[in-house]
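[1] Predicted model and sequence below, questions to follow.
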Amino acid sequence: MSDERISVLIANPSPDVYGSDLQMLESISAMTAQGWRVTVALPRDGELVPRIRARGGEVHFFDFPVLRRANQSAAAFAGMVGSAALAVPRLVALIRALAPSLVYVNTVTLPWWLLAARLTRTPTVCHLHEAENADSALVRRALVAPLRLAHAVIVISESAMTAMVEADPGLAGRARLIYNGVPTPPDQPAPPARDLPLRAVVVGRLSPRKAPHLALEAVGRLRQRGLALEVELAGSAFPGYEWYVEQLEQRAAQDDLAGAVTFSGYCSPIWPALARADLAVAPSLREPFGNAVVEAQMSLRPVVATAALGHLESITDGETGLLVPAEDVDAMAGAIQRLVEDADLAGELAAAARTNALARFTTERYNAEVVALVRELTTGVEVAR
């Protein structure tokens, strides 16, 4: 198919503006830059919509179910199956009406889109942002089983690749490793000011899985040791996780942290929050890739991160950041203290990390790889069946 005739229908699970959603925007930019038509199907309106349109994409609102962890109970799962059964014929009709060259399913939470695309004989790619390795083998196998309906699966890290293939070895032939593309700051970043009190920043959803509570504990312990340190939480919670935010606020009000914690909410662009920080902390329990780490590296900020999945691919411990075991508050506090007390080490890590990030994780590299895959899937080149 010639380039000027390519059109792509993207199915996205929500109008949010976090990791997988932001990466989808980069995919839109890559495609529209080629003159391709891009339509994004969303279940409702939201903050993502104007960003899609600003990148040249069209938006189609269409009600469809989204697989969530909350659907794991028997009753909820049965309800989801019923909703999916009703949705598939409608999705088939929509795909036939729009007649895209390719259906691009953003995350594994929309398996019915993969089925609908297959039923219409439309080439299909799923962008896998998940790297689930903590569930039982049966659950992990069930989660990735629909990926056999995709002609190709974009995986965002070696960790995501490993988790998928361990769950279902038959998916190895469909996998395409494409690391996330992370935008660079608009201006050349300056080194941290390191004025007292030093500021740590935690960027990401306020959720138990992202674990900013561990960063609060680490900073609290360091303040008890007499270090002049404060912390900013740059992120918001999913609906239903207000209880977790309340726990964070209660912890922040305790004596060792009182007045030293800033809740900034969702920050976009993130660069001002990183510019006012002296270091970044990424305390996630599981992280398939970790855009927040790369954003900090691009901003010339040294990073302390958990040795969790994708962090192992963006950080070499002691060279481009400091890695600590997940949930180990003492180790996290110790690594932060090293950066607070050793400005030379902090500067060396930050400089090396920025060089590495610019070499491996730019949007230019990402865009080229996404465009190449779309061309492969829409020009009759042999792909996994």
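    That came in fine, so what should we check first?

[2] Where do the helices of the stretch 51-200 of the chain begin and end?
    74-98, 111-119, 137-144, 158-167 (DSSP state H, counting those that start in this stretch).

[3] What average pLDDT does the first one get?
    By that I understand helix 74-98. For helix 74-98, mean pLDDT rounds to 78.

[4] can you check stretch 160-173 too?
    Here the average pLDDT along stretch 160-173 is 93.

[5] That stretch: how far from the chain's middle?
    19 Å (CA atoms, centre = their mean, to the nearest Å).

[6] ditto for stretch 110-125
    With CA atoms, centre = their mean as the basis, the mean position of stretch 110-125 lies at 23 Å from the chain mean.

[7] R360 contacts Y179, correct?
    Yes: assessed by CB atoms under 8 Å, R360 is found in contact with Y179 at 6.5 Å. C-beta here means a position set from N, CA and C on the backbone, and glycine is covered the same way.

[8] the more surrounded of the two?
    Y179 (20 against 14; other CB atoms under 10 Å).

[9] quick one: the more buried one from V66, how far?
    25 Å (CB to CB, to the nearest Å).

[10] How about G235?
    Relative to V66, and taking CB to CB, G235 is found at 21 Å.

[11] If we go by neighbour counts, what in stretch 127-142 is buried?
    Residues of stretch 127-142 classed as buried under the neighbour-count rule (16 or more other CB atoms under 10 Å) are 127-133, 140.

[12] Domain ranges for the chain, per the record?
    The chain breaks down by automatic domain parsing into domains covering 3-181+362-378, 198-360.

[13] Quote the end-to-end distance of the shortest one.
    It stands for domain 198-360. Domain 198-360 has an end-to-end distance of 29 Å (CA to CA, to the nearest Å).

[14] Kindly report the same for stretch 235-253.
    18 Å.

[15] May I see the buried residues of it?
    Buried, per 16+ other CB under 10 Å, within stretch 235-253: 235-237, 241, 244-245, 248, 251-252.

[16] contacting residues around it?
    70, 202-208, 210, 212-213, 216-217, 220, 233, 257-258, 260-261, 263-267 (CB atoms under 8 Å, 6 or more residues apart in numbering).

[17] Restricted to buried residues, select those residues in PyMOL.
    Buried residues within the contacts of stretch 235-253, by 16+ other CB under 10 Å, are selected in PyMOL with:
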select buried, resi 202+203+204+205+206+207+210+212+213+216+217+220+233+257+260+261+264+267
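
[18] Filter the contacts of stretch 235-253 down to the ones in strands?
    Per DSSP state E, strands hold the following members of the contacts of stretch 235-253: 202-203, 233, 261, 263.

[19] Dump the residues you listed into JSON lines; add distance to E319 and pLDDT as well.
    Formatted as JSON lines, these follow (distance: CB to CB, whole Å; pLDDT from 0 to 100):
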{"residue": "V202", "distance to E319": "22", "pLDDT": "98"}
{"residue": "V203", "distance to E319": "22", "pLDDT": "96"}
{"residue": "L233", "distance to E319": "27", "pLDDT": "98"}
{"residue": "V261", "distance to E319": "30", "pLDDT": "98"}
{"residue": "F263", "distance to E319": "33", "pLDDT": "97"}
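
[20] tell me the two of these that are most distant?
    Pairwise distances across the ones in strands among the contacts of stretch 235-253 (CB to CB) peak at 14.6 Å, for the pair V203 and V261.

[21] what's the burial count for the nearest residue to T362 once chain neighbours are set aside?
    Excluding the flanking residues, the one nearest T362 by CB to CB, 6 or more residues apart in numbering is G181, at 6.1 Å. When neighbours are defined as other CB under 10 Å, G181 has 23 of them.

[22] I'd say G181 and R365 touch.
    Yes: between G181 and R365 there is a contact under CB under 8 Å: 6.4 Å.

[23] residue ranges with poor pLDDT in the stretch 1-150 of the chain?
    The model of the stretch 1-150 of the chain has pLDDT under 70 over residues 1-4, 68-82, 134.

[24] go with 90
    Residue ranges of the stretch 1-150 of the chain with pLDDT under 90: 1-5, 16-20, 63-87, 107-109, 130-145.

[25] One more: the stretch 251-385 of the chain?
    Those would be 268, 309, 379-385, if you go by pLDDT under 90 across the stretch 251-385 of the chain.

[26] can you tell which of the domains of the chain is closest to Q188?
    Checking these against Q188 by CB to CB gives domain 198-360 as the closest, at 8.8 Å.

[27] Name all residues that make contact with P65.
    80, 83-84, 87, 112.

[28] Just the buried residues of stretch 235-253: which are in helices?
    The helices, defined by DSSP state H, take in 244-245, 248, 251-252 from those.

[29] gap between L227 and P325?
    According to CB to CB, L227 and P325 sit 21 Å apart.

[30] So between these two, which is more surrounded?
    L227 (17 against 11).

[31] Setting aside sequence neighbours, what's the nearest residue to the more buried one?
    Among residues not flanking L227 along the chain, V340 sits closest, at 5.7 Å (CB to CB, 6+ apart).
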